[in-house]
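this one's structure only:
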């Protein structure tokens, strides 16, 4: 029996009867105590080959919520088409999990990482949700209750891993994310992605046991893994853990501290719960303010246009007046130049004529004197 199968059966044996009805802790803004013995999944990037079988397995067992690629609102490439790995992807309302490929400097082969909800022990999404639409179950999964969701999308803002996705095109938009196949776990089955992995890159079991498995792999293969189990402590810890042959930051995993989201947000979110009681009033107020802001913005824009036109007209009038004054000045100057030129030419012409007449008079006088002699 494979180790992941053994861990899966061992972990799910005591959970099958409890999972469907237990809600566990909901979403108080002061955080969660965590459930160290809850189940989880260990993803090993040193074993992952980027085959996308996990994506196909996820879609298969979640077919009621996740359509196959060719049936999606925006058709996607089939799961056996690995060209999609050339671009970085994230989950959306039609895909609970995706695999990404990373080219690391000084490594000949790429490294792959599976991306989905990490099912944090103290989830930021639940901490931010004032209507308790997110539930952290004692069994491990973080579940979403669409009947309570008001569409505020605080969960999307709060999640440090950018997991929750929103269906912006639906008339009844909801939030979508991985459920860790909670219904299957309740039946003693493996999550769809784990069951589909051909390389044991995914191991299901109790979180505490997965940490032991991860430490053993690191100890036995010191040159294969970095000495860091991502998810063990990040943001208070997660039920989805990761091993990697390179620093996790190179696989797009944010460098986070150990402090959980509820601890970081307890002060800021301490008064958010009361919003649920005045939600209709709040929405009405926001709508009114929004409409008033739109009306004010339109009026301000109209006034700005009027002022701009008036200012432009004023500048145009000034420019026209300046141009006309300059033109008149140039015209007067031109007339003066032409007049002066004409006068100078007339004087020259008169002087020339007088000179000719003078020469003619002198000649005639001399002739008369000769005749008298």
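Yep, that arrived. Predicted model only: the values in this text are computed from it and were never measured. Numbers count the residues shown, from 1 in each chain.

count the neighbours of residue 339 for me.
As a burial measure, residue 339 scores 10 neighbours (other Cβ atoms under 10 Å). For the C-beta atoms, the positions are set from N, CA and C on the backbone; glycine is no exception.

three-state assignment of it?
With DSSP: H, G, I helix; E, B strand; the rest coil as the basis, residue 339 sits in helix.

all helices of the chain, in order?
Along the chain, counting by DSSP state H, helices occupy 3-12, 53-61, 124-128, 154-158, 182-186, 192-196, 207-220, 261-269, 279-372.

by mean pLDDT, show me the worst of those.
Per-stretch averages of pLDDT across the helices of the chain put helix 3-12 at the bottom, with a mean of 44.

not counting its neighbours along the chain, what's nearest residue 193?
residue 54 (3.7 Å; Cβ to Cβ, 6 or more residues apart in numbering).

how much space between the closest residue to residue 98 other than its chain neighbours and residue 178?
Closest residue to residue 98 apart from its sequence neighbours, by Cβ to Cβ, 6+ apart: residue 89 at 4.4 Å. Noted for residue 89: a distance of 14 Å to residue 178, by Cβ to Cβ, to the nearest Å.

please say which of the two ends up with more neighbours.
A count of neighbours by other Cβ under 10 Å puts residue 178 above the other of residue 89 and residue 178, at 26 against 15.

isn't that one right next to residue 115, touching?
No. Using Cβ atoms under 8 Å as the test, residue 178 is too far from residue 115 to be in contact (9.5 Å).

quick check: neighbours shared by those two?
91, 97 (Cβ atoms under 8 Å, 6 or more residues apart in numbering).

what residues are up against the residue nearest to residue 193?
By Cβ under 8 Å, 6+ apart, the contact list for residue 54 reads 97, 99, 114, 192, 193, 194, 196, 197, 202.

let's see 10 Å
Residues counted as contacts of residue 54 (Cβ atoms under 10 Å, 6 or more residues apart in numbering) are 43, 48, 79, 97-99, 114, 116, 191-198, 201-202.

just residue 157 next, same as before
Applying Cβ under 10 Å, 6+ apart, the residues near residue 157 are 124, 125, 128, 164.

for the second one, grab the count of nearby residues.
To tie it back to what came earlier, the one meant is residue 125. 27.

again with the third one
The criterion is other Cβ under 10 Å. On that basis, residue 128 has 24 neighbouring residues.

tell me how far the residue nearest to it when sequence neighbours are not counted lies from residue 329.
In space, and not counting its chain neighbours, residue 128 is closest to residue 158: 3.7 Å by Cβ to Cβ, 6+ apart. Computed as Cβ to Cβ, the residue 158 to residue 329 distance reads 71 Å.

repeat that for residue 192.
Distance of residue 192 to residue 329, given as Cβ to Cβ: 88 Å.

between the two, which one's more packed in?
It is residue 192, of residue 192 and residue 329, that has more neighbours when counted by other Cβ under 10 Å, with 24 against 10.

these two touch, right, the more buried one and residue 59?
Yes. In this structure residue 192 lies within contact range of residue 59 using Cβ atoms under 10 Å: 7.9 Å.

can you check which residues contact both of those two?
66, 96, 97.

switch these over to JSON lines; also include pLDDT and neighbour count.
Shown next, in JSON lines, are the shared contacts of residue 192 and residue 59 (pLDDT from 0 to 100; neighbours: other Cβ atoms under 10 Å):
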{"residue": "66", "pLDDT": "83", "neighbour count": "22"}
{"residue": "96", "pLDDT": "96", "neighbour count": "27"}
{"residue": "97", "pLDDT": "96", "neighbour count": "22"}
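
just the closest of those to residue 170, please.
When those are compared for distance to residue 170 (Cβ to Cβ), residue 66 comes out closest, at 14.6 Å.

list phi and psi for the closest one.
Dihedral angles phi and psi of residue 66 (degrees, to the nearest 10) take the values phi -120, psi 110.

and the gap between it and residue 237?
On the measure of Cβ to Cβ, residue 66 and residue 237 end up 27 Å apart.

buried ones in stretch 129-147?
For stretch 129-147, the neighbour count (16 or more other Cβ atoms under 10 Å) marks 129-144 as buried.

ok, now stretch 246-262?
Within stretch 246-262, the residues scored as buried using 16+ other Cβ under 10 Å are 246, 248, 250, 251, 253, 260, 261, 262.

hmm, the fifth one is touching residue 115, no?
Yes. In this structure, residue 253 sits in contact with residue 115. The criterion is Cβ under 10 Å, and the distance is 9.3 Å.
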